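**Student:** generate coordinates for the sequence data below:
(4 chains)
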Protein chains: 2
Amino acid sequence: MEPTSGHLQGAISKNFLQLSPQLQQAARYVLENPEDVATYSLRQIAHRSGLAPPTFSRLARAVGFHEYEALRDVCRTELKRNSMTLAQRAHKLQEGSKLNRGARGTFAAQHVASSLENISELYRKLDPEQLADVADTLATAERVVLLGALSSRAVLEYLHHMVSLAKPDWIFVNASTPSTSTLLADITKGTVVLSVSIRPYIRHTVQFAELANQYGAEVISISDDISSPILEHSTHSFLVPTESPQFFPSYVAVLTLLEILTGMLVRRWGEEANKRIDRVEKTSHAIGDYM
Amino acid sequence: MEPTSGHLQGAISKNFLQLSPQLQQAARYVLENPEDVATYSLRQIAHRSGLAPPTFSRLARAVGFHEYEALRDVCRTELKRNSMTLAQRAHKLQEGSKLNRGARGTFAAQHVASSLENISELYRKLDPEQLADVADTLATAERVVLLGALSSRAVLEYLHHMVSLAKPDWIFVNASTPSTSTLLADITKGTVVLSVSIRPYIRHTVQFAELANQYGAEVISISDDISSPILEHSTHSFLVPTESPQFFPSYVAVLTLLEILTGMLVRRWGEEANKRIDRVEKTSHAIGDYM
DNA sequence: AAAGAATTGTTACATATGTTTCAATATTTC
DNA sequence: GAAATATTGAAACATATGTAACAATTCTTT
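**Tutor:** Numbers count the residues shown, from 1 in each chain, chains lettered A, B, ... in the order given. Below you'll find the model as predicted:
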């Protein structure tokens, strides 16, 4: 017997054997598809399960609920609870830190908590299809331009360094580089712009994205809010949570996403990339850069 | 108008700025409460959000859906996907080794999982006393040198940028800078070296730390293992987990620690730092760098 | 300042929803 | 084997739901 899933499993399995055949079938369906029960109407559930609508009304009563809506509510909360498991850990940590000894350690704990939450939420909202699309696009692009300023520039340099182990010909653009206009001239349909734009939004970054988009380049942007001005010039976009107890936004989730992208790119490039990485590593060792 | 990609944020964020105020509010609510949208009826959503029912009908159309139900369907599938992947994650933790070639999205899930683990472990092993000591040291140092190469250099540049908002006179050292020897000559007892050295360990970084240490500077290092060669030349050190399913170590925990340090420094510098940050922000706004 | 357009809330309405009623069927009991 | 009872699905019902139509309002444009 499974101890989990609180009210649902308990309420139903307790009376299960006393239920009539049809009600048992309905009960099975509810237990096996709580997400559907939570999100679809009774009649649609009836349709999907091949049972008559009143059966579910009767089931709810039979297992002790006042009405079907009450049973549905249990499914709702269960669904929410499950999808919150990761974030919960973060919340617990934050609450725990408040009870801890005074001010010492609280600071770190809060930041750690919000970092965990940011990464969890990044993952929750991440669309695997879109991610795969973007990785494909980047992997096969004939030219990639990295676009970002200030802090964003630093994390893009991080990405650039790692990717350049596998693919040496990526281009990096500092937002305030004087050669920007030169670079823009070369931007065509084969170009892909990967940009990071986190509040405060830098005008130059957005303008570059706008122009690149007009010139037919694909613009993939990583930003922190739906109101970010770069989104309307983007062909793909990721919204990454940057919540932080400090005065500045936290980039940990951004970095996580970039690391994921890097991994996907290397996998897409396959053996050739791996060989190059090996060669770089061995050369560095031979030269004595590494210890 | 583009064909709705099936993804929530993609569909909404692209048109967000074109939406009217009320529709923006509705869009925010949908993005922030997709579980509720999936499980409750339109009218109840309207009630909870304090908006008029037709607003959500209109929102759906405005972002490219044929009807509200289509938008709701996207929320449903997103919700299902989340509870699914969490179950997968749980299974993976149990099975452990047979994770190759899983479903789509597994790649991101693994990296996210290891990132969460890394940050949690960073926090578990973090000694608040030592952290406070280091923050004190850095905050009162008459000169700070940032030391790191390759990827480590990039994350230090990130730190450098943020700290320089508050304190403009921090020095940044690229490990392969030709002026290294000049810099070394200036290193005295008042100097503090903050270094990041993650596998593969760069010889130059370690050598610089060794010399700096001999010259009487404090050396604070962030590294990933007790076998790291930089540790024996360090006065303080943090060991940060960098586990990752990719071919490279993950820097998310390193970044988290640096962000924590930044926050502590700014707090220690107090009002003066805050004022400078304000001034920088306002100037940038006035110049028109920001949007 | 006036006219026009866009936005927003209210009302109205056709449809979908959850439940009750009731007849038909299956099951039990004597 | 028949009467009594329980179970089941179809139809009926009152209510809730999503959206169109309209009116009131705000925002632009001239």
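
**Student:** helix or strand: which one has A:I226?
**Tutor:** Per DSSP states H and E, A:I226 falls between elements, in no helix or strand.

**Student:** chain center to the host helix or strand of A:R72, what's the gap?
**Tutor:** Following DSSP H and E, one finds A:R72 within helix A:68-83. Computed by Cα atoms, centre = their mean, to the nearest Å, the chain-centroid distance of helix A:68-83 equals 24 Å.

**Student:** output it as PDB, nothing but the C-alphas.
**Tutor:** C-alpha atoms of helix A:68-83 as PDB (Å, rounded to 0.1, in the frame of the first residue of the first chain):
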ATOM      1  CA  TYR A  68     -17.600  16.300  -7.600                       C
ATOM      2  CA  GLU A  69     -15.900  19.700  -7.400                       C
ATOM      3  CA  ALA A  70     -14.400  18.600  -4.000                       C
ATOM      4  CA  LEU A  71     -12.800  15.600  -5.500                       C
ATOM      5  CA  ARG A  72     -11.500  17.700  -8.300                       C
ATOM      6  CA  ASP A  73     -10.100  20.100  -5.800                       C
ATOM      7  CA  VAL A  74      -8.100  17.300  -4.300                       C
ATOM      8  CA  CYS A  75      -6.600  16.500  -7.700                       C
ATOM      9  CA  ARG A  76      -5.800  20.100  -8.200                       C
ATOM     10  CA  THR A  77      -3.800  20.500  -5.000                       C
ATOM     11  CA  GLU A  78      -2.000  17.200  -5.600                       C
ATOM     12  CA  LEU A  79      -1.000  18.300  -9.000                       C
ATOM     13  CA  LYS A  80       0.300  21.600  -7.700                       C
ATOM     14  CA  ARG A  81       2.100  20.000  -4.900                       C
ATOM     15  CA  ASN A  82       4.000  17.700  -7.200                       C
ATOM     16  CA  SER A  83       5.000  20.400  -9.600                       C
END
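
**Student:** that helix - contacts with which helices or strands?
**Tutor:** helix A:6-15, helix A:34-39, helix A:53-62, helix B:34-39, helix B:68-95 (3 or more Cβ pairs under 8 Å, 6 or more residues apart in numbering or on different chains; DSSP states H and E). In this view, the C-beta of every residue, glycine as well, is placed from N, C-alpha and C.

**Student:** low-confidence ranges in chain A?
**Tutor:** A:1-7, A:9-10, A:13-14, A:81-105, A:174-185 (pLDDT under 70).

**Student:** count the neighbours of A:V206 for me.
**Tutor:** A count of nearby residues for A:V206, using other Cβ atoms under 10 Å in any protein chain shown, gives 22.

**Student:** list the contacts of it.
**Tutor:** A:S197, A:P229, A:I230, A:H233, B:M291 (Cβ atoms under 8 Å, 6 or more residues apart in numbering or on different chains).

**Student:** let's see it at 7 Å
**Tutor:** Applying Cβ atoms under 7 Å, 6 or more residues apart in numbering or on different chains to A:V206 gives the contacts A:S197, A:P229, A:I230, B:M291.

**Student:** likewise A:N15?
**Tutor:** Per Cβ under 7 Å, 6+ apart, neighbours of A:N15: A:A62, A:V63.

**Student:** do a quick rundown of the strands in the stretch 101-250 of chain A.
**Tutor:** For the stretch 101-250 of chain A, the strands defined by DSSP state E, counting those that start in this stretch cover A:143-148, A:171-174, A:191-197, A:218-223, A:236-239.
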